[in-house]
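Asks: Make a model of this:
(chains A and B)
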Amino acid sequence: MMKMKKILALLLLAALCAALSGCHGSKESIAFAVPMEFDTSRSYEVTFWAKNDTNKTQTAIYSQAIAAFESLYPNIHVNMRLYTDYSRIYNDVITNIATGTTPNVCITYPDHIATYLMGDNVMAPLDELMVHPRYGLAGSEVRFDSPARDEVVPQFLEECRIGEHYYALPFMRSTEALYINKTFVEALGYTLPDVLTWDFVWEVSDAAMAKDANGNFRLNGQKTMIPFIYKSTDNMMIQMLRQLDAPYSTAEGEVRIFNDTTRSLLFTIRDHVQTGAFSTFKISSYPGNFLNAGQCVFAADSTAGATWMGPQAPNMDISADQVVDFELAVRPIPQFDPGHPVMISQGPSVCVFNKADPQEVLASWLFAQYLISNDVQIAYSETEGYVSVTRKAQQDSGYQDYLARSGEDNDAHYSVKIDAARLLMAHTGDTFVTPVFNGSASLRDAAGQLIEEVTKSIRRKIAVDSSYIDSLYDQINSLYRLDQIGGQAGGPAEAERELSPLPGTAVTLLAALAAAWALIGLYAIRNTLRARRRGK
Amino acid sequence: MKKSNILSVVLAVVAIAAIIFGLVTNGKKADLQKQVDELTANVATLTGSLDAAKQEAADAVKNAEEEIAKIKEEAEKAIEEAKSALQPGEAAAAVMSHADYVAADLDTEVTVETFVQAKQSWWDNKATIYAQSEDGAYFIYNMAISEEDYAKLVPGTKIRVTGYKSEWSGEVEITDASFEILEGEAFIAEPFDVTDLLAKDELIDHQNELVSVKGVTVEAYDDTGAAFAYKNAENKTDDLYFKVSKDGQTYEFCVEFYLCGQDTDVYKAVEALNVGDVINLEGFLYWYNGANLQATALTKAE
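Replies: Residues are numbered from 1 along each chain as shown, chains lettered A, B, ... in the order given. Coordinates of the predicted model:
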């Protein structure tokens, strides 16, 4: 009898499972899961999209890194595709997401990753990979000397976290710097401080606009002088707002840039465009070209552009007969509070794309990890004013020796390049990044365009007043579709989803189960009470 | 309570739940089937109505087209009458000659009528246009244009362009431009030989024109001794740079990838260059801190 009951119970259970098996939700793409073991019996093709600064040495470093990695992992073949423009990588990745033909590994920015994440399981989250005991950072089966997690500079690693997960490893880091014609500053009667204020820069720039009777600028005796030129006006606006603790955006993507502080900053910039003291790269050309020709006092540009700055720069975009000799100084970008400098952290990161084959993703991760090993980090950081993203590389004796030999030559040990790198290492704790969300790249572009439009308008004799700014805000908001930006950081995969009401069948089933359990409870209580009465 | 009784109760609960679930699901299924049947009948009715509506719409479109054609004809007639009523030259008052354009201050609004000679690749609703008319040439940087209109700008197309005169690294260009395609006989410029002007100040007067340079010698581009350099050597999907000399002066020219990509004859010709080759070039006289010809054709000099 008992045996029959058990058989009946199993049959009923099976029937119930079958009945409920149709209640599954919609089909979802497969998230990456780290395989138990890396299958070394198979061969893998890893497509790597990278960006270089039109620098042959950087291209060579990538090629050497690939060759070295492939000698360690003969079953992994890396195919590199080089770009000279991040926006092209970004656009090509977006296009390829739709067709499922993304690369395996890609040099990228977190802003871009936020958009990639809008697709389901497009990116491979790196959390588990980083800490994997065998294949993670400094893992037991990694065939090269890979940095441990705590050897990656924490600020740089945090920049690669989007929402709750890490989706990239930092690759190189830079910041912005002021490259200054110190000779000119002193000729104008000023002393260059360690940290310049915005007021100082504006004041000196205006002073540099004085002309002689022949219409030449007194400072350089030439017809051309643009005292202050900013390369990346998006960074300019973002940093000014951050220094003033003024709104830019929330972490969730709420756009806050159209505020009174922005308005006030734009009016200040307007005033100095009016005097001719300020211009931008997009309007006038590379700040370094003007600096080297003795036509600029303050050139604001990336520390990764240091090899183009100065009369002895190893890279030069103007003819030798145009170069003017002067003493160059490197300083942090202008500050509102020089006692508490604040500057942006920028530079490429490396991400891994999810694929149907988790072994392929693991192979890609191993290559991505190799890019932050010392050999690659030190070699690449020495090509420009970059800083390695690992303490392991920064503290390496060979790298320390490189820093110590600053000024020995105007090539590998170019002093301006090393000064720029030292600037970032000294101020790593003063750096920040902006929130990353789908549309954060557009917001960044919009921030820069505010300055570009004001500068162009003044040059075109268009009045920039409050109503102009109101109109500009509307125009930029529309042009960059900022009113459509938003959503949670990390994309919909990380967002709290609003749940729709339960379907009727589910409600009925749950109600029936609850009623049945209530009956069971009543039955049990009844039996217990009966037993007690019999016991009395 | 005995274990067998508990088991019986649990089994009963499970059975009740499964039965209720089955009943409700089947009930829903019946309701849905009924809805499907009703909708099918509605679709049949609507299909008939749609066919009738289609016929009505086709008739309406035909009538509207005839009406539009009539209105257009009347409007064109009115425009012609208005134009002929204007004093000669008045209609073109806003349009500048090339000389006026050259004389205009930087950062002023300019309007020119010119002819498309070539164009760079379209991207993100923008394209850069090389334009020239009888009296001079223009470089129209990142002009706003749809992909559809971009396809219409074939060499020789007449356009009116309004924008701002700007200068970037010595290159004078029209920026923030809008355009209009005009009717008119096509104009394709013949290359102007600037070989003798290479080292002269007057060379800049021919900025952005289609020019030729003859009998120049290929020099080593850099310390490697190569005859040229890729901007992107790995994938060959970017500009080519090369240097040529004439009468002791060296000039840096290029192949602009968005104008002439890797499948063009000129791109392949530059890739085949050797130091010491004597060549003839044609291209647009772009300026980047000095003359920076963007080559469109290359032949070996005889």
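
Asks: Pull the contacting residues for residue 109.
Replies: If you meant another chain, say so; for now it's chain A. Counting by Cβ atoms under 8 Å, 6 or more residues apart in numbering or on different chains, A:Tyr109 touches A:Tyr86, A:Tyr90, A:Pro348, A:Ser349, A:Ala441. From N, CA and C alone the C-beta is placed, and that goes for glycine too.

Asks: You answered for a different chain; I wanted chain B.
Replies: Here B:Glu109 is in contact with A:Arg460, B:Thr162, B:Gly163, B:Tyr164, B:Lys165 (Cβ under 8 Å, 6+ apart).

Asks: And chain A, is stretch B:236-256 touching that?
Replies: Yes - contact of stretch B:236-256 with chain A (Cβ under 8 Å from any Cβ of the partner chain) involves B:Asp238.

Asks: and the residue nearest to A:Thr224 when sequence neighbours are not counted, what is it in contact with?
Replies: Distance criterion Cβ to Cβ, 6 or more residues apart in numbering or on different chains; nearest residue to A:Thr224, sequence neighbours excluded, is A:Gln295 at 4.7 Å. Applying Cβ under 8 Å, 6+ apart, we find A:Gln295 in contact with A:Asn220, A:Gln222, A:Thr224, A:Met225, A:Ile226.

Asks: which residue sits closest to the fourth one, ignoring its sequence neighbours?
Replies: Put plainly, it is A:Met225. Excluding the flanking residues, the one nearest A:Met225 by Cβ to Cβ, 6+ apart is A:Phe217, at 4.0 Å.

Asks: does the one you found have beta-bridge partners, and which?
Replies: As for beta bridges, A:Phe217 partners with A:Lys211 under DSSP bridges.

Asks: Strands of chain B, start to end?
Replies: Secondary structure of chain B (DSSP state E): strands at B:109-119, B:126-133, B:136-144, B:158-168, B:171-182, B:192-193, B:210-219, B:229-230, B:240-246, B:249-255, B:278-284, B:294-300.

Asks: a markdown table for the ones you listed, including mean pLDDT and distance to A:Leu509?
Replies: Compiled in a markdown table, these are given as follows (pLDDT from 0 to 100; distance: least, Cβ to Cβ, whole Å):
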| stretch | mean pLDDT | distance to A:Leu509 |
| --- | --- | --- |
| strand B:109-119 | 98 | 65 |
| strand B:126-133 | 98 | 58 |
| strand B:136-144 | 98 | 59 |
| strand B:158-168 | 98 | 68 |
| strand B:171-182 | 97 | 64 |
| strand B:192-193 | 98 | 85 |
| strand B:210-219 | 98 | 78 |
| strand B:229-230 | 89 | 67 |
| strand B:240-246 | 96 | 70 |
| strand B:249-255 | 96 | 71 |
| strand B:278-284 | 98 | 74 |
| strand B:294-300 | 97 | 72 |
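
Asks: I'd like the ones you listed as TSV, with distance to A:Tyr480 appended.
Replies: Formatted as TSV, the strands of chain B follow (distance: least, Cβ to Cβ, whole Å):
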stretch	distance to A:Tyr480
strand B:109-119	25
strand B:126-133	15
strand B:136-144	15
strand B:158-168	21
strand B:171-182	17
strand B:192-193	42
strand B:210-219	37
strand B:229-230	33
strand B:240-246	34
strand B:249-255	32
strand B:278-284	32
strand B:294-300	31
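
Asks: Which element, helix or strand, includes the residue in the stretch 101-250 of chain A that chain B sits nearest to?
Replies: Chain B sits closest to A:Thr224 of the stretch 101-250 of chain A, with a gap of 10.6 Å, by Cβ to the nearest Cβ. Using DSSP states H and E, A:Thr224 sits in no helix or strand.

Asks: Then A:Gly136?
Replies: Counting by DSSP H and E, no helix or strand carries A:Gly136.

Asks: I'd say it and A:Leu126 touch.
Replies: No - using Cβ atoms under 8 Å, A:Gly136 is not in contact with A:Leu126, being 9.2 Å away.

Asks: Chain A contacts on the stretch 101-250 of chain B?
Replies: Proximity of the stretch 101-250 of chain B to chain A is confined to B:106-109, B:164, B:166, B:168-169, B:176, B:231-235, B:238 under the rule Cβ under 8 Å from any Cβ.

Asks: Contact partners for the spatially closest residue to A:Tyr370 that is not a sequence neighbour?
Replies: Of all residues not flanking A:Tyr370 in the chain, A:Phe69 sits nearest, at 4.7 Å (Cβ to Cβ, 6+ apart). Contact partners of A:Phe69, counting by Cβ under 8 Å, 6+ apart, are A:Ile76, A:Val78, A:Phe144, A:Leu366, A:Phe367, A:Tyr370.

Asks: Check which residues of the helix or strand containing the fifth one are buried.
Replies: Spelled out, it's A:Phe367. Secondary structure assignment for A:Phe367, by DSSP H and E: helix A:358-370. For helix A:358-370, a neighbour-count test (16 or more other Cβ atoms under 10 Å in any protein chain shown) marks A:Pro358, A:Glu360, A:Val361, A:Leu362, A:Ala363, A:Ser364, A:Trp365, A:Leu366, A:Phe367, A:Ala368, A:Gln369, A:Tyr370 as buried.
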